[in-house]
Each structure stands twice: as C-alpha cells, then as structure tokens.
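**Student:** I would like the atomic coordinates for the input below:
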Amino acid sequence: MAASGLFDTYDASPAFCEVLGRRYDPEIQRLFFKRLNKQTRSNLTRRKKRAEEELYNLGITFTVYFGDDTVDRVLPFDVIPRPITAEDWSDLEKGVKQRIAALNAFLHDIYHDQNILKDGVVPEDLVTGNQYFLDEMKGVDLPHRNYVHICGTDMIRDVDGSFLVLEDNCRAPSGVSYVIENRHLMQRSFPDLMENAKVRPVSDYGLRLREKLTECAPVDVDDPKIVLMTPGMFNSAYFEHVFLAREMGVPLVEGRDLFVDKDDQVFMNTVSGPEPVHVIYRRIDDAFLDPEVFRKESMLGTPGLMRAMKAGKVMIANAPGTGVADDKAVYAYMPEIVRYYLKEEPILKNVHTYLCRRKEDRKYVLDNLADLVVKPVGESGGYGIVVGPKSTKAERDEVAKAIRRDPNNYIAQPMITLSASPTLTSEGVAPRHVDLRPFAVTGKDTWILPGGLTRVAMKKGSIIVNSSQGGGSKDTWVLS
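**Tutor:** Presented below is the predicted three-dimensional model:
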C-alpha cells in the first residue's frame, strides 16, 4: 500500500493510527489516499485558514477565561476527516445505548428505593454525599424514568482498536454544534473530498432532539411548548445555545423570561402575553436553576421551577441531580451498574480506575504517580489533570499532597495510548491523538447522532484534547 503526495512523510509509528493501521478498510483507503493525495499541503493549509476565518465570522467560537479577562476563540479545525466504518459504529452505538439505559435506571433508583446502595453494589456515601446529589429529587417521578435526555460519552480507542469509555457527560454536554458545523464546513470548503462519499448525515440533530424532548413532555399536553434556557451571552457556550435553539426551532430564553404561577405552571413572557412552557432544555447548572431551592442570590434561574417539575407541569432536561451519574468516582462502578440493572455484560469497557478513597488504591497511586493519570472527580474541561509520564517532580509532589488532603476528590488511571488520526500540521501530515464524543438523545428510546465530536490534541505528543487546553476538532465520517 504505497502512499504518495501528501502522505509521503507520514509516519504512523508513534501511535496506533486508525486510517493506516490494523483497522484499515478498503473504503477508507479509497477516500483518503486517492482523494487526499491529490491535494498539496499549501492548498489544504490555505483552505483550512479560510475555513477557520469563516467559523470566526459566523460567531462559532468558545470563550476562554484568563483571570478577569475573556477571549473568544475558534476551535482549531483539522481538514482531514476521521472515518469510522459502519461495523465499528454499530458496535459503538449498541454500547452507548446500553450505557444510557443503565445510567437512567441508576438515577431513578438512587432517587427512589436506593436498592443498589442497600445491596452494597455502589457505596452509599459515594452517592448521597456527592455534591451533585439533590435531596429535592427524591421521589420525583419523571416521564419514561428518563433523567439523561442528552448525553455526550467521551471515549478513546486503545492500541487494539477497541473503544474505551473515559467518562459520561450527563449534565449539559457541549460540542454538538461543532459536529454539525464541521460537516457544513467540509461540504462548503472541501466538496472535492466529500464528492460521492458514503457518509451518514448529521444535519437532522435538531429535529431529532426536538422529537425526543417532545416525547418526555407532561403526559396531558398535546402540543408541548419547548424552550432552551441559557445563562446568557457571557456563557462560554452561548454560541451553541443559539445554534441549538435555531436548529430545533424553539425560543432561546433566560431565567428572567420565565415565571411560575400559583398553580405551578411555567410561562414565558412574550410581546403578545404569557405563553405556557412544558419542556425546558436547560444549559444552566443545578445551583443556579431555581433560587427558591438552591442559590438564593441566583439571577440566572427562575423561582419555582422545581415546584413546577415536582407537580408534573414541566419537564427539565437534563433532570436536576444527574451530575451524580457523571462523577468520575461513580464512573468506576459503571460495569457493575450495567450488570445490576440490565443483567448484561457491558459492551463498552471502562478504563481501569483507581479510587483514591480506597486505602489500597490510594497507596498504589501515591507509589506510582509517575506512571498514572490523576484526575479530580468534579472537574471538567481537562482542568486539574496531572499526566504522570509527562509531569515534573514538583507537579507530582503537589498532587500527592492534594490526594492525602482530600482522597475522595481524586481518581487515577493508567496511561492509555490513544489512537491517532492523520492531522494537517505546520510540518505536514502527522499523527495526533484523538478522542470521540458521540451525542445521544433519549425520549421513549435513544437515538445517537452518527459521528460525534472528534477532538484532536493539536500539540505533538499531547493527549489533552479539551478545547480549553488547546485542542481542536475534525469532521467524523461514519461510513454507510
């Protein structure tokens, strides 16, 4: 399989490469070698620059905070797509659906009978003592027992090509706007690469999301009114809030645009008077959602939302209290959770996880910090992670102090060799580590967007793909 042109100097040896390695597929070879090798590096670089300028002009940015300063950035875009075969996608899809079914069963149980805690499968204090566990959700019945309506499951591929789950994002997973806009960008800027490619579409996400949210509306409502609730324009993901509201064809509201009447019905203020609201897709953290129940000083939420939800007058997605399910320590018990509720073996495996709350695990982690990746359980966005093999002694000493001070707040995992994908860099095409975040929406059943967000560690040798840490993204092609 001799490469020419753009791939002349490409060396996949630093890591398992999905395109050139053991998972090689004839269709992928045709798409990549025959089409990409017709391009020059300068031509692709020029088109990449124009594409990123278009993203910025369209306002497709995220906000990075530096102390009191904020900077709007475009997520770096790689022009070389990441292909996934239909066979691989089918396995992944089944695994994600299984996982979400188990997560919803777990959340319903811990807010009702708590059988999994009584049976000792998951430690009680790990759940009821969790910062995201809400006493206010106890005994609250939700349509279809569905708590996780929108989920982004972060996963990687190991050197043998197997998908492994890194974490479940069950609160307010972001990034789906990039999945759709990356595809639109490829269609506009690189039509020659996409011509006649048998790639499954992603543009119907908004319609699917609206359909699934409608399925979870209060049972006595024939034509439910859906809104997307945002903290406002200063939120780092505000672009995505605007994007999704437009894609669904629903109003974008802030907390001050809603009110709850004496009968616990939610209304939206409009120029023609109040209109009832039955479904709220919220992108606001639990703590700011309802100042009657949570932070009383919050100006972002709406007083009375929890009353309305408990009365069955409104559905909130994702449900308050779902954060327990994406806690990194609870993640370690997901294989047991799947077996407990579904009586099945997990289709997708976890990365082996050491819980520093366990004495024996903590000792192992402290003795092997140079070989492990240490993560705080409540952080997201790549913050607080210490990658042992790439850390300094001072960094390891600091995290060791933090673990001893608050062991419940830390987990550790072995250093996994993430798969790599060909990426256009300033030196040419080179392998860069990638992960994948498929997006699933659940109503009566679960539908998964065919593709998901492929995040790229743009820095050579880096395994941190988070946008806040300099990572980029690329279009994900699920071949049909």
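**Student:** quick check: mean pLDDT across stretch 345-359?
**Tutor:** For stretch 345-359, mean pLDDT is 95.
**Student:** can you check stretch 227-244 too?
**Tutor:** Mean predicted confidence for stretch 227-244 is 93.
**Student:** now stretch 289-296
**Tutor:** Stretch 289-296 comes out at a mean pLDDT of 96.
**Student:** and if you look at stretch 6-21?
**Tutor:** 68.
**Student:** again, but for stretch 319-338
**Tutor:** Stretch 319-338 comes out at a mean pLDDT of 94.
**Student:** Extract the CA atoms of it and return them as CSV.
**Tutor:** Only the C-alpha atoms of stretch 319-338 are listed here, as CSV (Å, rounded to 0.1, in the frame of the first residue of the first chain):
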residue,chain,number,x,y,z
ALA,A,319,-33.1,16.5,35.0
PRO,A,320,-31.6,18.2,38.1
GLY,A,321,-29.3,15.8,40.0
THR,A,322,-28.0,13.9,37.0
GLY,A,323,-24.5,15.1,37.9
VAL,A,324,-24.1,12.1,40.2
ALA,A,325,-24.0,9.8,37.2
ASP,A,326,-21.0,11.6,35.5
ASP,A,327,-18.9,11.8,38.7
LYS,A,328,-15.5,10.2,37.9
ALA,A,329,-15.7,8.0,41.0
VAL,A,330,-19.2,6.7,40.2
TYR,A,331,-17.8,6.0,36.7
ALA,A,332,-15.6,3.3,38.2
TYR,A,333,-18.7,1.4,39.1
MET,A,334,-20.4,1.5,35.7
PRO,A,335,-19.6,-2.1,34.8
GLU,A,336,-21.4,-3.2,38.0
ILE,A,337,-24.2,-0.7,37.4
VAL,A,338,-24.8,-2.2,33.9
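**Student:** Now do the domain split for this protein, please.
**Tutor:** 98-155+203-349, 352-414 (automatic domain parsing).
**Student:** okay, those in a markdown table with mean neighbour count next?
**Tutor:** The way it works is simple: take the backbone N, C-alpha and C, and place the C-beta from them, glycine included. Below are those laid out as a markdown table (neighbours: other CB atoms under 10 Å):
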| stretch | mean neighbour count |
| --- | --- |
| domain 98-155+203-349 | 19 |
| domain 352-414 | 17 |
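**Student:** got the residue ranges for the strands in the stretch 151-300 of the chain?
**Tutor:** Using DSSP state E, counting those that start in this stretch, the strands assigned to the stretch 151-300 of the chain run over residues 163-169, 226-229, 252-253, 258-260, 266-268, 275-277, 279-282.
**Student:** From the contact counts, what lies against the fourth one?
**Tutor:** Read that as strand 258-260. Applying 3 or more CB pairs under 8 Å, 6 or more residues apart in numbering; DSSP states H and E, one finds that strand 258-260 contacts strand 266-268, helix 305-310.
**Student:** got those as JSON lines, with mean pLDDT and distance to Cys151 columns?
**Tutor:** Listed next are the helices and strands packed on strand 258-260 as JSON lines, based on pLDDT from 0 to 100; distance: least, CB to CB, whole Å:
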{"stretch": "strand 266-268", "mean pLDDT": "98", "distance to Cys151": "24"}
{"stretch": "helix 305-310", "mean pLDDT": "97", "distance to Cys151": "20"}
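**Student:** Nearest approach to Asp223 belongs to which of these?
**Tutor:** strand 266-268 (14.7 Å; CB to CB).
**Student:** picking that back up, format the strands of the stretch 151-300 of the chain as TSV; extra columns: distance to Glu87.
**Tutor:** Shown next, in TSV, are the strands of the stretch 151-300 of the chain (distance: least, CB to CB, whole Å):
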stretch	distance to Glu87
strand 163-169	12
strand 226-229	35
strand 252-253	39
strand 258-260	46
strand 266-268	45
strand 275-277	43
strand 279-282	33
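**Student:** So for Ile403, which of those sits nearest?
**Tutor:** Going by CB to CB, the one of the strands of the stretch 151-300 of the chain nearest Ile403 is strand 163-169, 19.2 Å.
**Student:** just how off-centre is the closest one within its chain?
**Tutor:** 9 Å (CA atoms, centre = their mean, to the nearest Å).
**Student:** Pairing partners for the nearest residue to Asn169 once chain neighbours are set aside in the sheet, please.
**Tutor:** In this structure, Asn169 finds its nearest non-sequential neighbour in Gly152, 4.2 Å apart by CB to CB, 6 or more residues apart in numbering. Gly152 has these beta-bridge partners by DSSP bridges: Asn169, Phe439.
**Student:** gap between Gly152 and Asn43?
**Tutor:** 34 Å (CB to CB, to the nearest Å).
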